[in-house]
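Asks: Fold the following.
(2 chains)
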Amino acid sequence: MAFCFPDTYEIGMSCLGLRILYDAVNRLPYAWCERAFAPWEDMRALLLRKKIPLYALESGDALRDFDILAFTLQTELSYTNVLSMLDLAGIPLRSGERDDSHPLVMAGGPCAFNPEPLADFIDLFVIGEGEEVIVELAELFRRTDAHCASAAPDARRNLLTQAAALPGVYVPALHTEGAVIQKRTVLDLDGASYPEKPIAVGTEIVHDRVMLELFRGCARGCRFCQAGHTNRPVREKSPGTLAHQAKAAVESAGADEIGLLSLSTSDYSGLEPLCEELVSWCRPKRVSLSLPSLRADSFHVGLLQKTGRKTGLTFAPEAGSARLRDVINKNLREEDLLSACATAFSNGWNGVKLYFMLGLPTETNEDLRAIAELCERVWRLSRADKGRSVRITASASCFVPKPHTPFQWEPMVPPDELRRRAALVKGAMRRQITFHWHEPDTAYLECALARGDRRLGAVVERAYRLGCRMDGWSECFSMERWREAFALEGLDPDSYTLRRREPDEALPWSHISCGVSAEHLKRERDKAYRGETSVDCRTGCMNCGIENCLQKKEGGE
Amino acid sequence: MINLRLAYHKTGRARFLSHLDTMRVFKQALTRAGLPLRYTEGFNPHPVLSIALPLGVGVESVTERLDFGVTDNISMGTLPAKLNAALPEGFHVTQAVVGGRPVSQIAYARYEITVDSQAAPEQAAALFTTSAVVQKRSKKKDCVPTDIVPFIKEITCRGAQCLTVTLTARDPILNPEYIAEAWRTYLDPEAAFLFKRTSLLDGDGKAFDNLI
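Replies: Down below sits the predicted model:
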């Protein structure tokens, strides 16, 4: 099997999912897993010129000689890279054009929650968490002998039929109308496979540290957040397991940093004792500990202080006004943010970054000005000590309504309007505060692909043929080429992005279930319009419909 | 505090790792081997490591030198084996000693160059004894036309496809890639090259291979 990451090595090797699945397959006595990445343009040109088919890193064997290619879909902007990798490997792009002599092409990851735009190219999707399914699929592959030269003529089809019967597996070619694929969830994370001997990378990568996953899921229910909805329920790893795994991985890899990973680090119930244990173990070894995704409050800044590093401090208020934060259910109080920043400044931090989103549902000019005002209040706090200079950086990304969230029916704000809004914020922002914003065109494309249907397959292929690759990289991205691709396939991208979906409209992803009911999403959407918040799952159950929810059991509701 | 020196090979796929990546690989391996490394004392401490005469990307070597510091006595006899167990494919430590000759005494480096080209090595030998002007990066990073012949101490052909060259390793350091560039400029634009550094020499032309 080759695990294919449709982006560069530096990005791909920073992905914990790759490392977990690689490790899970390589533990099997009868299977092995290698890695393949999308080559950068210079390497791509050389491979083409020298007619070298794309190969896996470990053995150098051509991808087309593998039994299974497993792609991970971390972002919609990597879809053309999936096609590019298949093409470079000399494998026909469309499932229908491949036969038993080609590898089985499968895909999973966050974007598989709407698999339709890639359904023409992928034989089999894994919906949800992959570490158990990938082993089941490897076992199935072994049993059916689909890879043997002497395999029966319909071996591939038999294999797919059996695979489709596994929970969490979606085979587009065999799908029957009306059937719903339920995602896979690993319930016992302490028992789940974790790479205690991580690959020690030889070159600088984006996130170069031992990644320690505290828990999956998130109890917060922010209405814009796809991961918060598709990864339910919350499942924690025990502090004992985490400390053991961290130590083993650091010693095995010779790493100098541990990064705690989750959707909301502060919500981990054993955070303080875990940090204390890790800090006292790490310090003499000169290993540092990083805590991203912390909530903005002074308690957690105090905790950060104990880890001993004063690198960047980042908070994500997401919206400037309390009203809009209520709409998106980001339950962050301005007092807490300000006290967190005050604690940070008085403890020696010299900068803070604030993340916002532009184009959230119901956003007004007043909400936009509130971004600048909030930043200014943080800046004023930093002026308490006149002798120091503190850097405040605010950055804004463009909101993309995503499937499986309460905002999945919302129209996206058009790129030109987003540019106007960014300019408005920029104009209202104090000079002393650095303000960046993301170009809306990539968000626009992301939105079209994220909520796309099967017809977009032709557009993705057309865009690839027109030269679109590495769309997540601003130096490679071209909206003009994508517009041309849409036009040539007779589709209007606005109908995917700017159109409000009707409440009873069949959505392209309605045959995929992450366990959260449509009723819950609709209730949350209506509450958003009324500016009402919903409580955290740990405080009270919102009846989202998820099964096996630990919170619900404990609360006895 | 004790200064140690390693002699090691960097061959095969490891040749594609840059100088900085090689430093990373050793930092990881020394850490994995559990050595009491000496760290810098700055705001952001890191182990004290230095590699003599950084190797270009794509160049193999059987004569690399890495210096590092430890804070405690360690067993020198078992050190190469211990490190080889912790190093990735392509790196092989051959010797470890305490101290070592100052690396500033390295004056020349010798390379074996395997050439795949229409032109014969004899033509190259003739070219490199007269003058060969190539665009050479100067200290300020811009390129200036430079005759590289004065920096070639010795050039010999061995067989149909193999050159042995001895190049200056200080004032200035001549990267063997410039030999390839001159070849492509004057003899054959399609030529392909493989480089391997085989020895280091001092100012008297004597081998620096003796670590002490």
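Asks: What ranges does the stretch 1-150 of chain A have for its helices?
Replies: All helices of the stretch 1-150 of chain A, identified by DSSP state H, counting those that start in this stretch, fall at A:9-12, A:16-26, A:41-49, A:79-88, A:133-144.
Asks: By residue count, which helix of the chain is the longest?
Replies: In the absence of a named chain, chain A is used. Looking across chain A with DSSP state H, the single longest helix is helix A:365-382.
Asks: Switch to chain B, please.
Replies: Chain B, longest helix under DSSP H: helix B:19-32.
Asks: Moving C-terminal from it, which element do we reach first?
Replies: Moving toward the C-terminus from helix B:19-32, the first helix or strand encountered (DSSP states H and E) is strand B:49-51.
Asks: Convert the C-alpha atoms of the very next helix or strand once past that next one to PDB, please.
Replies: Next in sequence after strand B:49-51, counting helices and strands by DSSP H and E, comes strand B:59-70. Output in PDB follows, covering the C-alpha atoms of strand B:59-70 (Å, rounded to 0.1, in the frame of the first residue of the first chain):
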ATOM      1  CA  VAL B  59      27.700  15.300  -3.600                       C
ATOM      2  CA  GLU B  60      28.700  12.100  -1.800                       C
ATOM      3  CA  SER B  61      31.600  11.900   0.600                       C
ATOM      4  CA  VAL B  62      33.700   9.400   2.400                       C
ATOM      5  CA  THR B  63      35.700  12.000   4.300                       C
ATOM      6  CA  GLU B  64      33.300  14.100   6.300                       C
ATOM      7  CA  ARG B  65      34.200  15.700   9.700                       C
ATOM      8  CA  LEU B  66      31.700  16.700  12.400                       C
ATOM      9  CA  ASP B  67      32.700  18.400  15.600                       C
ATOM     10  CA  PHE B  68      30.500  18.500  18.700                       C
ATOM     11  CA  GLY B  69      30.700  18.900  22.400                       C
ATOM     12  CA  VAL B  70      29.800  16.700  25.400                       C
END
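Asks: ok, which residues in chain A are in contact with chain B?
Replies: Contact residues (CB under 8 Å from any CB of the partner chain) of chain A with chain B: A:200, A:202-204, A:251-256, A:286. The way it works is simple: take the backbone N, C-alpha and C, and place the C-beta from them, glycine included.
Asks: Can you say which of the residues you listed are buried?
Replies: Buried members of these, scored by 16 or more other CB atoms under 10 Å in any protein chain shown, are A:200, A:202-203, A:251-256.
Asks: Between all of the residues you listed, which two are separated the most?
Replies: Within those, A:203 and A:251 form the most distant pair, 21.3 Å apart (CB to CB).
Asks: related to what we said a few turns ago, could I get the average pLDDT for the longest helix of chain B?
Replies: Taken as a whole, helix B:19-32 has a mean pLDDT of 94.
Asks: Ok, stretch A:103-111 next?
Replies: Averaging pLDDT along stretch A:103-111 yields 97.
Asks: Only alpha carbons, please: show it as CSV.
Replies: Output of stretch A:103-111 as CSV, limited to C-alpha atoms (Å, rounded to 0.1, in the frame of the first residue of the first chain):
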residue,chain,number,x,y,z
PRO,A,103,-4.0,-0.3,-8.0
LEU,A,104,-7.1,0.1,-6.0
VAL,A,105,-7.5,3.9,-5.4
MET,A,106,-9.0,4.9,-2.1
ALA,A,107,-9.4,8.1,-0.2
GLY,A,108,-10.3,9.4,3.2
GLY,A,109,-9.8,12.3,5.5
PRO,A,110,-11.9,15.4,6.4
CYS,A,111,-12.9,16.2,2.8
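Asks: how far does it sit from the chain's center?
Replies: Computed by CA atoms, centre = their mean, to the nearest Å, the chain-centroid distance of stretch A:103-111 equals 15 Å.
Asks: do stretch B:187-198 as well
Replies: Remark: stretch B:187-198 is offset 16 Å from the chain centroid, using CA atoms, centre = their mean.
Asks: Over to stretch B:20-33?
Replies: With CA atoms, centre = their mean, you get 17 Å for stretch B:20-33.
Asks: Give me the contact list for it.
Replies: Contacts to stretch B:20-33, defined as CB atoms under 8 Å, 6 or more residues apart in numbering or on different chains, come from residues A:200, A:202-204, A:251-256, B:10, B:14, B:17, B:37, B:46-47, B:49, B:51, B:55, B:66, B:68, B:82-83, B:85-88, B:91.
Asks: quick one, phi/psi of residue A:394?
Replies: phi -110, psi 140 (degrees, to the nearest 10).
Asks: cool, the one 10 residues further on as well?
Replies: When quoted as degrees, to the nearest 10, the phi and psi of residue A:404 stand at phi 70, psi 20.
Asks: is it true that it touches residue A:517?
Replies: No: Residue A:404 lies out of contact with residue A:517 (CB atoms under 8 Å); the separation is 10.7 Å.
Asks: Who has more neighbours out of those two?
Replies: residue A:404 (22 against 14; other CB atoms under 10 Å in any protein chain shown).
Asks: Next one: the more buried one relative to residue A:117, how far apart?
Replies: Plainly put, residue A:404 is 15 Å away from residue A:117 if you go by CB to CB, to the nearest Å.
Asks: for the chain, which spans come out with low pLDDT?
Replies: Here I'm looking at chain A. Applying pLDDT under 70 to chain A flags residues A:145-153, A:308-311, A:552-557.
Asks: look at chain B instead
Replies: Short version for chain B, where the test is pLDDT under 70: B:139-141, B:209-212.
Asks: Near chain A, which residues of it are found?
Replies: So chain B meets chain A at B:14, B:17-18, B:20-21, B:24-25, B:27-32, B:39, B:45, B:86, B:88 (CB under 8 Å from any CB).
Asks: could you measure the most centrally placed residue in chain B against residue B:17, distance?
Replies: For chain B, residue B:55 is the residue whose C-alpha lies nearest the centre (CA atoms, centre = their mean; 3.8 Å). Taking CB to CB as the measure, residue B:55 falls 9 Å from residue B:17.
Asks: and what of residue A:261?
Replies: Distance from residue A:261 to residue B:17, by CB to CB: 27 Å.
Asks: rewinding a little: now the residues of chain A next to chain B in CSV, please, with extra columns for distance to residue B:197.
Replies: Formatted as CSV, these follow (distance: CB to CB, whole Å):
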residue, distance to residue B:197
A:200, 25
A:202, 19
A:203, 21
A:204, 24
A:251, 33
A:252, 32
A:253, 29
A:254, 26
A:255, 30
A:256, 29
A:286, 32
